[in-house]
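Q: Task: produce atomic coordinates for the following.
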Amino acid sequence: MSEPLLSLRDVTAEVDGVNESPSLIHRVSFDVTALKIVALVGGSGSGKTTTGLSILRLLPVALRITSGKILFHGEDLFALPGHRMRQIRGKDISMIFQEPLNALNPLLTIGQQINEVLICHMPLTAKQRRERVLELLNIVGMAEPQRVAQNYPHQLSGGMRQRAMIAQAIAANPQLMIADEPTSSLDVTLQAKIMDLFRELRRSLNLSILLITHDLGMVRHLADEVVVLQAGKIVEQGPVARVLESPRHQYTQQLISSVF
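A: Numbers count the residues shown, from 1 in each chain. The predicted model follows:
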C-alpha cells in the first residue's frame with residue numbers, strides 16, 4: 001500500500017505556558033491519501049481549525065504542539081527549519097481560511113495577492129505571472145478575470161472573494177489544499193458551485209483536499225473519508241458512506257440527527 005500524502009500521528013496541542021491546561025486537540029491521528037477528499041467535522045470548539053493550522057505550523061503564539069508528528073511525504077513537518085517550512089507552505093500545502101474578507105489583504109488587488117504567491121514559489125517572468133493570474137481566475141470560474149484582478153477584496157461579492165482565495169491557494173500547484181469552512185458564509189446556490197469547483201480541481205490538478213467543516217450535507221456529497229472530532233479528540237473516522245449511514249459513536253449520531 002502506498003504511503004499517505006499526509007499523516008497525523010498522536011498530535012496534541014495545548015495552551016503554551018499553562019500548567020495542566022486542557023488539550024485543544026489530543027492525540028489526533030488520521031491520513032490523507034493522494035487524490036482523496038477527507039472531511040474533518042465536529043461542532044464549534046471541537047478542534048477542527050486548530051488541527052488544520054497545526055499542519056502548516058500556523059497556530060497562534062499562545063498555542064503549541066506538545067507531542068506527535070505530522071508527516072508530509074514521510075517528512076516530519078515539526079522537525080523542519082523555518083525556511084523549509086516556508087517553501088512547503090503555499091507551494092506543496094495551501095490553505096483557504098474561513099472568512100475571505102479577513103484573510104485577503106484589503107490594501108492589495110486580487111491580482112497582486114495571487115502574484116505574490118507566484119513570486120515566492122514559481123520560476124516565472126513578470127509577463128508569465130500576469131498571464132498565470134488571469135488563467136487562475138478563469139479556472140475558478142471568474143467571468144471577467146481581467147477586471148477581477150484589478151479589484152480590491154471589498155469590491156467583490158462573497159462568492160467571488162471565495163473563488164479568489166481558491167485561485168490564490170492553487171496558484172503554485174499544491175498537492176494538498178486545506179479548506180477551512182470554505183462555504184460557511186455563502187448561500188446554498190453558491191455552496192453548490194464551490195463544491196462543484198472542488199471536484200473539478202481535484203480531477204484537473206490531481207489535488208488532495210482536507211475539508212474542515214460542520215456541514216454534513218457537504219461532507220456527504222463531496223468527501224471520501226470523514227474524521228469526527230469532539231472536544232479535541234477523534235471519536236470516529238472512516239469512509240463517508242459508512243460513518244453517515246451507520247455511525248458508531250453517540251456524538252456522531254447526534255451530529256447527523258441534527259442535520260438529516
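
Q: Show me how far the top helix by length along the chain is from its chain's centre.
A: Secondary structure assigned by DSSP state H gives helix 188-205 as the longest helix of the chain. From the chain centre to the centre of helix 188-205 is a distance of 14 Å (C-alpha atoms, centre = their mean, to the nearest Å).

Q: low-scoring pLDDT stretches of the stretch 151-260 of the chain, where are they?
A: For the stretch 151-260 of the chain, the stretches with pLDDT under 70 are 260.

Q: the strands in it, which residues?
A: Counting by DSSP state E, counting those that start in this stretch, the stretch 151-260 of the chain has strands at residues 176-180, 208-213, 225-230, 233-239.

Q: Counting by contacts, list what the longest helix of the chain packs against.
A: Helices and strands touching helix 188-205, by 3 or more C-beta pairs under 8 Å, 6 or more residues apart in numbering; DSSP states H and E, are helix 158-169, strand 208-213, helix 216-222. No exception for glycine: its C-beta is placed from N, CA and C like everyone else's.

Q: Pull the number of nearby residues for Ser184.
A: 14 (other C-beta atoms under 10 Å).

Q: hmm, back to that, let me know which of the strands of the stretch 151-260 of the chain is the nearest to Leu35.
A: Checking those against Leu35 by C-beta to C-beta gives strand 208-213 as the closest, at 5.9 Å.

Q: So Leu176 is in contact with Ile209, correct?
A: Yes: at 7.4 Å, Leu176 counts as touching Ile209 under the criterion of C-beta atoms under 8 Å.

Q: count of residues packed around Ser157?
A: Residues lying near Ser157 (other C-beta under 10 Å) number 10.

Q: backbone phi and psi for the nearest residue to Leu56 once chain neighbours are set aside, please?
A: Nearest residue to Leu56, sequence neighbours excluded (C-beta to C-beta, 6 or more residues apart in numbering): Arg89, at 5.2 Å. Backbone torsions of Arg89, given as degrees, to the nearest 10, read phi -70, psi 120.
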